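# The following comprises the amino acid sequence and a computationally predicted model.
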Amino acid sequence: MEMRLKALRALQDLVIFTARPYVVRELPGWGRLFAAMVGDYQRNWFWAAAPIKTIRGKRHGYLMRLDLSKWAELLQNAAAMNMDEFISIIQKKNLRNSVFIDITASDAIAKTYPQLLQKSISVVACNKVACSSSYEYYKNLKDLAREFNALFLFETNVGAGLPVIGTLNDLLRSGDEVKRIEAVLSGTLNFVFNNYNGEKSFAKVVRQAQDEGYTEPDPRLDLSGIDVMRKIMILARSTGFKAVSTIMAFSNG
């Protein structure tokens with residue numbers, strides 16, 4: 001048991017870097033996903049030495065080391081949030097090994113990534129907007145991460161966190177060529193089609209999917225096909241293809 005703990009601690013040092021005893025996490029987003037993440041964070045002692053220093057909601061922000069048992073109360077009573085000010089504070093603190101985790105679906109927040117990467121602040125994005133925007137913007141983010149020795153990770157953009165993008169990257173690095181990808185890309189549509197039988201209204205089934213955490217914050221992104229388009233583009237780009245939305249076509253057949 002002692003050797004096992006020693007091995008885990010050694011691995012932890014590798015993950016959160018020995019140069020500093022913790023990773024600073026900047027977290028924009030306040031909702032069901034954030035609550036789930038905090039719960040997982042609290043249960044997992046492995047990350048106990050990596051305190052969350054900053055969280056931000058749609059209307060409020062909290063900028064200090066947090067007592068996660070009281071995060072909702074602290075954030076509710078915090079001062080009004082200004083995103084530009086939030087980014088400025090992160091940059092001025094200039095703490096090593098900082099990680100900015102975006103668990104929103106916000107266009108505005110996705111546009112702040114260059115400012116962070118240029119300060120060697122790694123970005124981990126659940127948000128699909130940046131990686132499915134113009135190819136030039138996507139490529140710029142990858143280039144900035146490389147230039148400033150930061151990480152730009154977006155594994156959860158496709159496959160609900162399964163190591164799909166990481167696997168594609170490994171294939172390309174080993175010299176393989178990806179010729180075809182087959183996938184069910186919308187958990188929302190899959191849920192709706194499997195549960196809609198005419199007994200409940202379509203709207204109620206969509207609401208159930210939303211309540212159970214399948215949909216985007218705005219379910220219209222799923223139902224319109226925009227979310228699927230974004231995932232296809234991200235997968236294509238992850239294989240080295242310069243995918244843009246103008247060359248994508250959809251069929252309802």
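Looks like it arrived, so ask away. Residues are numbered from 1 along each chain as shown.
# From start to finish, how long is stretch 193-213 in a straight line?
End-to-end distance of stretch 193-213 (CA to CA, to the nearest Å): 16 Å.
# And that stretch, what's buried?
Tyr196, Val205, Val206, Gln208, Ala209, Gln210 (16 or more other CB atoms under 10 Å). Every residue, glycine included, has its C-beta placed from N, CA and C.
# now swap in stretch 137-152 and tell me
Applying a neighbour-count criterion of 16+ other CB under 10 Å, the buried positions in stretch 137-152 are Tyr137, Tyr138, Leu141, Leu144, Ala145, Ala150, Phe152.
# So which residues of the chain form strands?
With DSSP state E as the definition, the chain shows strands at residue ranges 25-28, 52-56, 61-63, 99-102, 122-125, 152-153.
# Counting by contacts, list what the shortest one packs against.
Under the contact criterion of 3 or more CB pairs under 8 Å, 6 or more residues apart in numbering; DSSP states H and E, the helices and strands touching strand 152-153 comprise strand 122-125, helix 135-147.
# Name the surrounding residues that touch the first one.
For strand 122-125, the surrounding residues in contact (CB atoms under 8 Å, 6 or more residues apart in numbering) are 98-102, 110, 113, 116-117, 131, 141, 145, 150-154, 156-157.
# Export only the CA atoms of stretch 131-149, formatted as PDB.
The C-alpha trace of stretch 131-149 is given here as PDB (Å, rounded to 0.1, in the frame of the first residue of the first chain):
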ATOM      1  CA  CYS A 131     -12.100  24.800 -33.000                       C
ATOM      2  CA  SER A 132     -15.100  25.100 -35.400                       C
ATOM      3  CA  SER A 133     -14.600  28.700 -36.300                       C
ATOM      4  CA  SER A 134     -12.600  29.900 -39.300                       C
ATOM      5  CA  TYR A 135      -9.700  27.600 -40.100                       C
ATOM      6  CA  GLU A 136      -7.300  30.600 -39.800                       C
ATOM      7  CA  TYR A 137      -8.400  31.200 -36.200                       C
ATOM      8  CA  TYR A 138      -8.100  27.500 -35.400                       C
ATOM      9  CA  LYS A 139      -4.600  27.300 -36.900                       C
ATOM     10  CA  ASN A 140      -3.600  30.400 -35.100                       C
ATOM     11  CA  LEU A 141      -4.500  28.900 -31.700                       C
ATOM     12  CA  LYS A 142      -2.500  25.800 -32.400                       C
ATOM     13  CA  ASP A 143       0.500  27.900 -33.500                       C
ATOM     14  CA  LEU A 144       0.300  30.100 -30.500                       C
ATOM     15  CA  ALA A 145       0.200  27.100 -28.100                       C
ATOM     16  CA  ARG A 146       3.300  25.800 -29.800                       C
ATOM     17  CA  GLU A 147       5.100  29.100 -29.900                       C
ATOM     18  CA  PHE A 148       4.400  29.900 -26.200                       C
ATOM     19  CA  ASN A 149       4.900  26.400 -24.900                       C
END
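# Quick one: mean pLDDT over that stretch.
Per-residue pLDDT values over stretch 131-149 give a mean of 95.
# what does stretch 164-171 give?
92.
# ok, and for that stretch, which residues are buried?
Going by 16+ other CB under 10 Å, stretch 164-171 has these buried residues: Val164, Ile165, Leu168.
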